[in-house]
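> With the sequence up front, the predicted model follows.
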There are 2 protein chains.
Amino acid sequence: MTAVPQLADIRQVSDGWIKKYVLAYDMPDGSRYEYESASRKALDAYRAELEGNARGMRTPADAVCIVGQTADGKLLLIREFRYPLNSWCIAFPAGLMEPGEDLATCVNRELREETGYGLRTDLDEAAALQPLPQAGYSSTGLTDETVHVVFAQVERISDAQPEPAELIEPFQLAIEDVPRFLAENETPIGTRAQLVLEAFARRH
Amino acid sequence: MTAVPQLADIRQVSDGWIKKYVLAYDMPDGSRYEYESASRKALDAYRAELEGNARGMRTPADAVCIVGQTADGKLLLIREFRYPLNSWCIAFPAGLMEPGEDLATCVNRELREETGYGLRTDLDEAAALQPLPQAGYSSTGLTDETVHVVFAQVERISDAQPEPAELIEPFQLAIEDVPRFLAENETPIGTRAQLVLEAFARRH
């Protein structure tokens, strides 16, 4: 393996819901290199994560993204008003994991809040919830954010219970309508929703 | 359509390669709501993008992600040292678009720099380069970053020409090896690479 940069310093330059950091690395050629990063983690947690990553340790995913399918084979999607875009956006239901929360609990909580759905209760958890083998990084040049994509068998349970500032419209999409949806959609779309829908379109 | 929040103010709170903004919205119930956002765009460009989004206008993608396939059907991937993670990461070749650059030019430049590959010259551009119908948002709760995923037929052209601080190891992966790769991989992976590889694995 190539010699790797050694993390020498982490400096927090902006606090808030999104923190901004300047990371300093000692490069293999002896030079010092600085790189900016955005994270939701506080300084100590981010430092621990970075030091752990260098040793092959993994921190829990920051968020889940739920590819839900109903018993009649329809995909459960949302249109959500996304403030960083000033626009509605197409996505799968998703949200931040709470500390110590396991995947199934988080999936049920986010589905319930955003759509009024939950994992099917007539299936055991292994059949109702199939996570990908690892979480994926959203944008590795910009942030340490990881999102665990899970496939889920879902059913309607209650009304949606969004937070006051969460503007969310759930909708269902039949698998056979996915190719037309992708070709005609002009609303901004999250990269995960787009790629999962493309996979369904190409399998269909 | 539901009444939407109206963008009232954009305040830049951190400058640099990554900028941080506080966006203020007037909500349908008359309250004021603030939301933080990270962007590579300067204040004027970000304001124009947000105002345009509200009118259904789209700004060009920030970056491309290139799902390259060689003539013998292998996928072209990279391991790249990613500073915000302090770790190697599996991904498809990707990079920021330069102002005014078209997709094909950007794809050829990024492929050449990161891997020494380029679009196949024995095919016309429509056969060698197949972009998804729109760019996708990396993480809509955090940033306005968009990445346009393109499928590309590629060939080796030269040695890779990375920037000094770009530590990149290209590798090829046969389609039939994708399921095993995904099951066994323990290196951090970008969400786009993971979802595209999952699609190949499920088609195989």
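Yes, it's here. Numbering: from 1, shown residues only, chains lettered A, B, ... in the order given.
> Buried by neighbour count: which residues of stretch A:95-113 qualify?
Of all the residues in stretch A:95-113, those buried under the rule 16 or more other Cβ atoms under 10 Å in any protein chain shown are A:95, A:97, A:103-104, A:106-113. Using the backbone N, CA and C atoms, a C-beta is placed for each residue, glycine as well.
> Other residues contacting it?
A:40, A:60-64, A:66, A:68, A:76, A:93-94, A:114, A:117-119, A:125, A:129, A:131, A:148, A:150, A:152, A:154, A:157-158, A:160-163, A:166 (Cβ atoms under 8 Å, 6 or more residues apart in numbering or on different chains).
> Same question for stretch A:119-130.
Contacts of stretch A:119-130 (Cβ under 8 Å, 6+ apart): A:71, A:103-104, A:107-108, A:111, A:150-155.
> Now with 6 Å, please.
With contact meaning Cβ atoms under 6 Å, 6 or more residues apart in numbering or on different chains, stretch A:119-130 is reached by A:104, A:108, A:150-153, A:155.
> Now which of these would you call buried?
A:104, A:108, A:150, A:152-153, A:155.
> Relative to residue B:21, which of those is nearest.
Nearest to residue B:21 out of the buried ones among the contacts of stretch A:119-130 is residue A:150 (Cβ to Cβ; 30.9 Å).
> Tell me, how many residues neighbour the residue lying closest to the closest one once chain neighbours are set aside?
Spatial nearest neighbour of residue A:150, chain neighbours left out: residue A:131 (4.3 Å); criterion: Cβ to Cβ, 6 or more residues apart in numbering or on different chains. Around residue A:131 there are 16 other residues, counting by other Cβ atoms under 10 Å in any protein chain shown.
> Which residue is the nearest non-sequential neighbour of the residue nearest the centre of chain A?
Central residue of chain A (Cα atoms, centre = their mean): residue A:147, 3.2 Å from the mean position. Closest residue in space to residue A:147, ignoring its immediate chain neighbours: residue A:63 at 4.6 Å, by Cβ to Cβ, 6+ apart.
> beta partners of that neighbour?
Note on residue A:63: beta-bridge partners residue A:96, residue A:147, judged by DSSP bridges.
> mind listing what it touches?
With the criterion set at Cβ under 6 Å, 6+ apart, residue A:63 makes contact with A:94, A:96, A:147.
> and chain A, which residues reach chain B?
A:4, A:7, A:14, A:16-18, A:20, A:23, A:33, A:35-38, A:50, A:53-54, A:81-87, A:89, A:136-140, A:143-145, A:165, A:188-191, A:194-195, A:199 (Cβ under 6 Å from any Cβ of the partner chain).
> I'd like to know which of the residues you listed are part of strands.
Residues of these located in strands (DSSP state E): A:7, A:14, A:20, A:23, A:33, A:35-38, A:81-82, A:87, A:89, A:136-137.
> Out of the residues you listed, who's the most crowded?
Neighbour max across those (other Cβ under 10 Å) = residue A:137, 30 neighbours.
> for chain A, what are the low-confidence residue spans?
Across chain A, the ranges flagged by pLDDT under 70 are A:1-2, A:204.
> how is it carved up into domains?
Taking the TED database as the domain assignment, the ranges for chain A are A:6-55, A:63-202.
> Out of those, which one sits most buried?
Sort the domains of chain A by mean neighbour count, taking mean count of other Cβ atoms under 10 Å in any protein chain shown, and domain A:63-202 sits at the top with a mean of 19.
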